[in-house]
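>>> When you get a sec, could you give me coordinates for this:
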Amino acid sequence: MSKTALILLAHGARDPEWSAPMRRVWLAIQAQRPGQRIGLAFLEFIKPDLPESVAMLRAEGIDRIIIVPLFLAQGGHLKKGVPLLIDEFRRQHPQVSFELTAPVGEADEVIRAMTAHILSITDE
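A predicted model of the protein is given here:
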């Protein structure tokens, strides 16, 4: 039986407070899916990074890892850097299924939520 985990992947920043919204999303998902293994990883500056997160999940026997970018859109990291990392993970762990989803910012639900929030700022 396959053991699946999610890794929420964020960019990272030098200011540790920057990660607060991503941690809130991570905690909210954990609260709604207490039996699901959910990781949070960063590309730069904040730990754990993606290779550390993959290693932790592999140590737990996870054999399917879905990486969900907490990005608004696809840029260089998601078009080049992250796929290269995933290719390396696949070479290192051929028995593991690695999947990369579209960035959350491209989801219709997220676009609607951002639109509603922005429009609510000017509502009187």
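
>>> what pLDDT does the residue nearest to Trp26 when sequence neighbours are not counted get?
Leaving aside its chain neighbours, Trp26 sits nearest to Leu40 (4.4 Å; criterion: CB to CB, 6 or more residues apart in numbering). The way it works is simple: take the backbone N, C-alpha and C, and place the C-beta from them, glycine included. pLDDT recorded at Leu40 is 98.

>>> do the same with Ser2
So Ser2 comes in at 78 (pLDDT).

>>> Quick check, it in contact with Gly61.
No - here Ser2 does not reach Gly61: they are 10.4 Å apart, not a contact under CB atoms under 8 Å.

>>> Tell me who's in contact with the residue nearest to Trp26.
By CB atoms under 8 Å, 6 or more residues apart in numbering, the residues touching Leu40 are 7-8, 10, 22-23, 26, 48, 53.

>>> try Met22
Contacts of Met22 (CB under 8 Å, 6+ apart): 8, 10, 40, 70.

>>> measure the most centrally placed residue in the chain to Ala28 for me?
When CA atoms, centre = their mean is applied to the chain, the residue found nearest the centroid is Leu8 (2.0 Å). The gap separating Leu8 from Ala28 is 11 Å, by CB to CB, to the nearest Å.
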